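J.: Build me a model:
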Amino acid sequence: MNWLRKAVILTLCAAVSLPSAFPTVARAEVDPELLFPDSELERADAMSLDQIRTFLQNKGGLSRLALTDVDGSTKSAAEIIWRVAHDYRINPKFLLALLQREQSIVEASNPSVYQLDWATGYARCDSCDADHPLVAAYRGFAKQLEGAAQRIRNNYLVDLAVRGTTQTGWGPGITKIVDGLAVTPANKATAILYTYTPHLNGNLNFARILKRWFTKGYPDGTVVKSSDGKRFWLISGGQRRPFASATAFFTRYSASQAVVIPADELGDYEEGTAIRYQNYSLLHEPDGKISLLDGDTIRHIDSMETFRRIGFSLDEVLDVPSEDLIGYAPGSPITLASAYPTGSLLQDRASGAIYWVKDGVRQVVMSKEILKVNFPRNRIVVVSSETLDSYASGTPVPFADGTLVGIQGQPRVFIISKGRRRPILSEAAFRAYGWNFANVVWTTEPAVMIHESGEPVDVPKPSDVQSAFSPVL
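T.: Numbering: from 1, shown residues only. Have a look, this model is predicted:
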């Protein structure tokens, strides 16, 4: 019996007590004296080529680029990272974190020429002339990775093995002052990182990147509640955003959707902008503008004529201070041409198909489950086919972020995050995140497959800090 079917049966029958959640790696602040475990540093096989490729696809735009390797051949970034990792026996996760730490290139949506040219910061210092022949020789994505990995393998590791320190005096058990703090590296990997970049914040950031990427993190769209409190939070962009009122929460979610997590895990997320108002609130800004709150955007209504013609009422407008608008991005303005700016469910009188129409674009609702999850309170208006044809055709409506979905008759379960379906790899992973089998929405295969495939959800193996760097893809 597969894990999911068994779990569902146990949930429905309540025949046995469910085991405690899968143990998680501690989420304490990173240790400046233990930035990366030695046992993981030389694990070139920590990620396969396919895993690196998928990882990059889910992070930014680097995966889309065709790059030149050191032998002149054209390769993807994943292929170059994988090659360098194996040529120099260095963990690809180490290389990925180095790339992100130095140039933020892994998560860049459109990496710049400069980011690519100096991807690992190798041979490039603040006072260095980038056009000097000795520096320019290392310009380019592949050359940067090659140079960094070669220096680590052929210099730093050799020096540590022969004399116990690198050429700048860093070594395990040897205390040095960095940015005013006495640091005693606990291992070789940490000494290597301080040799490569002799700055405290840069190295702490390296460890934070690894922790954020390769330890358990709740998918965007997850609603959580601390085990020692009553407040609800939304995980979004690596932050926890508090719901400032019951109205703000219950107009978007139900209490049963919230995952209860330990207070220390919740505290590891930086607190983001509070969600103060219900979606589609009309807000009167300090500068006199009236705008519509639409998700994470503020959409200015271009005139009072537009305001009245659409059917808004001044009784619905809330006066808001400017600080309440921090964190919201400006959205497209609402004009007379904006058909259904707050959205409406329209049903084709002839076919019975239901569409979500917003801003003049119609999106088909693929299943009754999407209808129930996304639009539990919306009224359906029956219209003619001709009326629907007057709107531009858009992509199908996806499930809301944070929804647990499964395909009827199949054992797999996914979490929808950032519009993608992320497969949950095991019962242990499902339980570790505190999800409830009763909240899984079973629907048709087309309704699930309209979501692009996302990064699988797993948990690091429990035991010690080293497990934070085991493959999770």
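J.: quick one: the helices in the stretch 201-350 of the chain?
T.: Along the stretch 201-350 of the chain, the segments classed as helices by DSSP state H, counting those that start in this stretch run 246-250, 263-267, 304-310.
J.: Make JSON lines out of those and add mean pLDDT.
T.: Listed next are those as JSON lines, based on pLDDT from 0 to 100:
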{"stretch": "helix 246-250", "mean pLDDT": "88"}
{"stretch": "helix 263-267", "mean pLDDT": "77"}
{"stretch": "helix 304-310", "mean pLDDT": "93"}
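J.: closest to residue 240 out of these?
T.: With C-beta to C-beta as the criterion, residue 240 lies closest to helix 263-267 of those, at 6.2 Å. Where C-beta positions appear, they are placed from N, C-alpha and C, glycine not excepted.
J.: Give me the buried stretch members for the closest one, please.
T.: Buried residues in helix 263-267, counted by 16 or more other C-beta atoms under 10 Å: 265-266.
J.: Distance check, residue 121 against residue 104.
T.: Applying C-beta to C-beta, to the nearest Å, the value for residue 121 to residue 104 is 11 Å.
J.: Of the two, which one has the most company?
T.: Neighbours were counted for residue 121 and for residue 104 using other C-beta atoms under 10 Å; residue 121 has more, 18 against 13.
J.: Could you report the pLDDT at that one?
T.: Per-residue confidence (pLDDT) for residue 121: 88.
J.: Kindly report the same for residue 328.
T.: Here the pLDDT value assigned to residue 328 is 82.
J.: again with residue 432
T.: We note a pLDDT of 85 for residue 432 in this prediction.
J.: Roughly how far does it sit from residue 424?
T.: Distance, residue 432 to residue 424, using C-beta to C-beta: 10 Å.
J.: now residue 435
T.: For residue 435 relative to residue 424 (C-beta to C-beta), the value is 8 Å.
J.: one step back: neighbour count winner among residue 432 and residue 424?
T.: residue 424 (24 against 21).
J.: residues near residue 252, how many?
T.: Residue 252, neighbours per other C-beta under 10 Å, totals 18.
J.: Could you pull up the residues touching the spatially closest residue to it that is not a sequence neighbour?
T.: With sequence-adjacent residues excluded and distances taken as C-beta to C-beta, 6 or more residues apart in numbering, residue 252 is closest to residue 279, at 6.3 Å. Residue 279 is in contact with 251-252, 293-295, counting by C-beta atoms under 8 Å, 6 or more residues apart in numbering.
J.: And the next helix or strand past the helix or strand harbouring residue 157?
T.: Residue 157 belongs to helix 157-163 when assigned by DSSP states H and E. On the C-terminal side of helix 157-163, the closest following helix or strand by DSSP H and E is strand 176-178.
J.: From what I see, residue 260 and residue 222 are in contact.
T.: No. Using C-beta atoms under 8 Å, residue 260 is not in contact with residue 222, being 11.6 Å away.
J.: Please compare those two by neighbour count and tell me which comes out ahead.
T.: residue 222 (23 against 14).
J.: Next up, phi/psi of that one, please.
T.: Torsion angles at residue 222 (phi, psi; degrees, to the nearest 10) stand at phi -80, psi 130.
J.: Distance of it relative to residue 181?
T.: According to C-beta to C-beta, residue 222 stands 35 Å off from residue 181.
J.: do residue 104 as well
T.: In terms of C-beta to C-beta, residue 104 sits 24 Å off from residue 181.
J.: what's the distance between the nearest residue to residue 274 once chain neighbours are set aside and residue 449?
T.: Residue nearest to residue 274 in three dimensions, not counting chain neighbours: residue 244, with 4.5 Å by C-beta to C-beta, 6+ apart. Distance, residue 244 to residue 449, using C-beta to C-beta: 37 Å.
J.: which one of these two has more residues nearby?
T.: It is residue 244, of residue 244 and residue 449, that has more neighbours when counted by other C-beta under 10 Å, with 15 against 12.
J.: correct me, but that one touches residue 278?
T.: No. The criterion here is C-beta under 8 Å, and residue 244 misses it with residue 278 at 10.8 Å.
J.: Quickly list what's touching both of residue 435 and residue 424.
T.: Shared contacts of residue 435 and residue 424 (C-beta under 8 Å, 6+ apart): residue 415.
J.: Now do the strands in the stretch 151-300 of the chain.
T.: For the stretch 151-300 of the chain, the strands defined by DSSP state E, counting those that start in this stretch occupy 176-178, 181-183, 223-226, 232-236, 239-242, 259-261, 270-271, 282-284, 290-294, 297-300.
J.: got any ranges where the stretch 1-150 of the chain has weak pLDDT?
T.: Scanning the stretch 1-150 of the chain for pLDDT under 70 picks out 1-29, 125-130.
J.: Tell me where it has strands.
T.: Ranges of strands in the stretch 1-150 of the chain, per DSSP E, counting those that start in this stretch, are 66-68, 74-76.
J.: So which elements touch the first one?
T.: By that I understand strand 66-68. With contacts taken as 3 or more C-beta pairs under 8 Å, 6 or more residues apart in numbering; DSSP states H and E, strand 66-68 sits against strand 74-76, helix 141-151.
J.: any idea how the chain splits into domains?
T.: For the chain, the structural domains run 38-214, 223-271, 282-330, 344-393, 399-469, going by automatic domain parsing.
J.: leaving aside the residues next to it on the chain, what's closest to residue 173?
T.: Excluding its sequence neighbours, the residue lying closest to residue 173 (C-beta to C-beta, 6+ apart) is residue 184, at 6.4 Å.
J.: gap between that neighbour and residue 206?
T.: Residue 184 is 18 Å from residue 206, by C-beta to C-beta.
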